[in-house]
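Peer 1: Using only what follows, build the 3D model:
(2 chains)
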Amino acid sequence: MKLKKELTALPLFSPSVVLLTMFVFIPFFFLLYMVFTGVSIVGEPAFVGLDNFVVMVKDPLFWSSFQITLVYTACVTIGNVTIPLLTALALNSIKFTKIKNFMRSCYLMPVAISVIIAAIVWSWMYTPQIGAINVVLKSLGFQEINPLGNPSTALYTIALVDIWKNIGFYTIMYIVYLDAIPEVFIEAAIVDGAKQRHIIWHIILPLLVPGILVVMVFSLAGSIAQMALSYQMTFGGPGFRTLTLMFYIYIKAFRSFNISYAAVMSLILFAVGAAIAYLQFKISKSEVLY
Amino acid sequence: MNRKIITILIFMLSLPILVFSVFPVYTMVLMSLRETYVIDLSNLAPVGLTLKNFWKLFTTTNVPRWTINSIVYALTLTFSNIILSAMAAFAFARLRFKGRDKLFFLVVATIFIPGYTILLPLYLMIVKLGLASTLLGLVLPDLVGGFNILLVRQYMLSIPESLYDAAKIDGCTDFQVFYKIFLPMCKSVLILVGTFTFLWSWNSFIWPLIMMSSSNNYTLPVGISLFSHLRGVTNIGLIMAASTFTFLPPVIVFFIFQKYIVKGMVLSGIKA
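Peer 2: From the prediction side, this is the model:
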């Protein structure tokens, strides 16, 4: 009888377990192997120990791409935490369902777009002379701008596209947390004579803290490995200013064919990414809904 | 009165954000339907439209090829994820077998190894297997996902134990319980898994970029990316047409299954 139970279960879970082992665990261990041996497309691997780490630490481009990734992630996260909060509060205050749904659909539209398409459209919009933004600026009498060509603004310009793309997603997340705030709290406060801004500041926002944390962590997870936008809009940017870590890994692996160096940087990215994934896990599990 | 003012203020601030969200999409569609490449305040209205760009797109470029590739890729992953995660979730949720919990722990552990981390070793593995630039090589790593299994299993756990017991008493085998009872009951979470997988795989860029080496093999996002760098400014209408076209299937899927997608976003926030 017991054997029969196992025979039934086996064909159900084994394809998944085999696939996951082959295509998640094994590559991961292969990555570790790559980091500590000098594996390359040709030639024999040999144990090189921490050599790859030394090369990485000495590479200014690694440090700059790491820093750029952090700045980018911080920027996008700030945008993802604040703007959707505003739109969620706005949507929440609307009584007419049709208008609410229409607005929600508008916010959600960029979510369905591929990052590449978003990059192409925004790149064009930013183009000097003919891009929509500059055309509008010129007709209003302002100077033209070229934010993508400017080393100090390029990264933030790209971050804006990332933020733009995800407004709808985080708006919905916030709405979930807003819905969870009991009406009675707010009604009691109104009865007690509280002004609206007090209601928002002292009741809604503190109760939204779990929601804000969740949005923050999701945003971190989504932006830490950004490459497509950099690739399409600036290809590393004026003077490497938009070269994120993931993009640098791609360049080293698939353009320079420096596999073991790319591997060690992947490991670093893994350390950061896994930490964020862990945070995501902990936060989604532990936060309490009233 | 104060209350109304703040609410109105928030609402007013959300309107520019609405325009901000929609305007680029609108511009993209508008430009795909025009032959001139300048949009300014004078021709923002949807007049003077033509389908010429789309015609050129389908008759002179590799877009039809890429579309088929994208469809095959996205549908393969969508269906495999639905089926495989439903099967595994059922086994982990309702069946008892040796090593079940340890194996499930392994499945959950994969969630902590983000995909972008192992892109490089995965690529090398697929190349070593001789599957570079093939559809099989492209889909293999993503046929099932740990998170999907987790999600479906969570849903299945909420189906009462008694239903399972009653069916077994009636003489059903475990397989029959699976596809006659659980599968239909899990329709909504499976649609959720399917839509998310479809959206993600249709829009996927990095992995197809790495894997596919010849123009005939590209999926739409990869093809359009290379396309956009080849053509000059005078073909912006063509690029926008390609973009609009690529945008259409996800947005259609998105709006048909909006209910499920919103629910999925909700669930991501509360893995209760």
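Peer 1: If you drop the residues flanking it in sequence, what lies closest to B:Ile17?
Peer 2: Leaving aside its sequence neighbours, B:Ile17 sits nearest to A:Thr87 (C-beta to C-beta, 6 or more residues apart in numbering or on different chains; 5.6 Å). (Glycine included, C-beta is placed from N, CA and C.)
Peer 1: for A:Ala88, that is, sorry about that
Peer 2: In space, A:Ala88 is closest to A:Tyr174, 3.5 Å off (C-beta to C-beta, 6+ apart).
Peer 1: If you drop the residues flanking it in sequence, what lies closest to A:Ala277?
Peer 2: Closest to A:Ala277 by C-beta to C-beta, 6+ apart is B:Phe112, at 4.8 Å.
Peer 1: Could you tell me how many residues sit around that neighbour?
Peer 2: Neighbour count of B:Phe112, defined by other C-beta atoms under 10 Å in any protein chain shown: 18.
Peer 1: by contact count, what packs against the host helix or strand of B:Pro249?
Peer 2: Using DSSP states H and E, the element containing B:Pro249 is helix B:236-256. With contacts taken as 3 or more C-beta pairs under 8 Å, 6 or more residues apart in numbering or on different chains; DSSP states H and E, helix B:236-256 sits against helix A:97-112, helix A:115-126, helix B:2-32, helix B:52-60, helix B:63-94, helix B:187-202, helix B:220-230.
Peer 1: Could you dump these into CSV and include mean neighbour count?
Peer 2: Converted to CSV, the helices and strands packed on helix B:236-256 look like this (neighbours: other C-beta atoms under 10 Å in any protein chain shown):
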stretch, mean neighbour count
helix A:97-112, 18
helix A:115-126, 25
helix B:2-32, 17
helix B:52-60, 15
helix B:63-94, 21
helix B:187-202, 21
helix B:220-230, 21
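Peer 1: Reformat these as TSV; add distance to A:Leu267.
Peer 2: Formatted as TSV, these follow (distance: least, C-beta to C-beta, whole Å):
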stretch	distance to A:Leu267
helix A:97-112	31
helix A:115-126	25
helix B:2-32	37
helix B:52-60	42
helix B:63-94	27
helix B:187-202	25
helix B:220-230	26
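Peer 1: Compare those helices and report which one is nearest to B:Ile239.
Peer 2: helix B:220-230 (5.1 Å; C-beta to C-beta).
Peer 1: which residues touch residue 66?
Peer 2: All of this refers to chain A. A:Phe66 sits next to A:Leu245, A:Ile268 when contact means C-beta atoms under 8 Å, 6 or more residues apart in numbering or on different chains.
Peer 1: meant chain B, my bad for not saying
Peer 2: B:Tyr218, B:Thr219, B:Leu220, B:Val222, B:Gly223, B:Ile224.
Peer 1: Which ones, among those residues, also lie beside chain A?
Peer 2: Counting by C-beta under 8 Å from any C-beta of the partner chain, B:Leu220, B:Val222, B:Ile224 from the contacts of B:Trp66 sit close to chain A.
Peer 1: Kindly indicate which of those residues lies nearest chain A.
Peer 2: B:Ile224 (6.3 Å; C-beta to the nearest C-beta).
Peer 1: wait, isn't that closest one in contact with B:Thr244?
Peer 2: No - using C-beta atoms under 8 Å, B:Ile224 makes no contact with B:Thr244, being 10.6 Å away.
Peer 1: separation between A:Gly141 and A:Asn134?
Peer 2: 13 Å (C-beta to C-beta, to the nearest Å).
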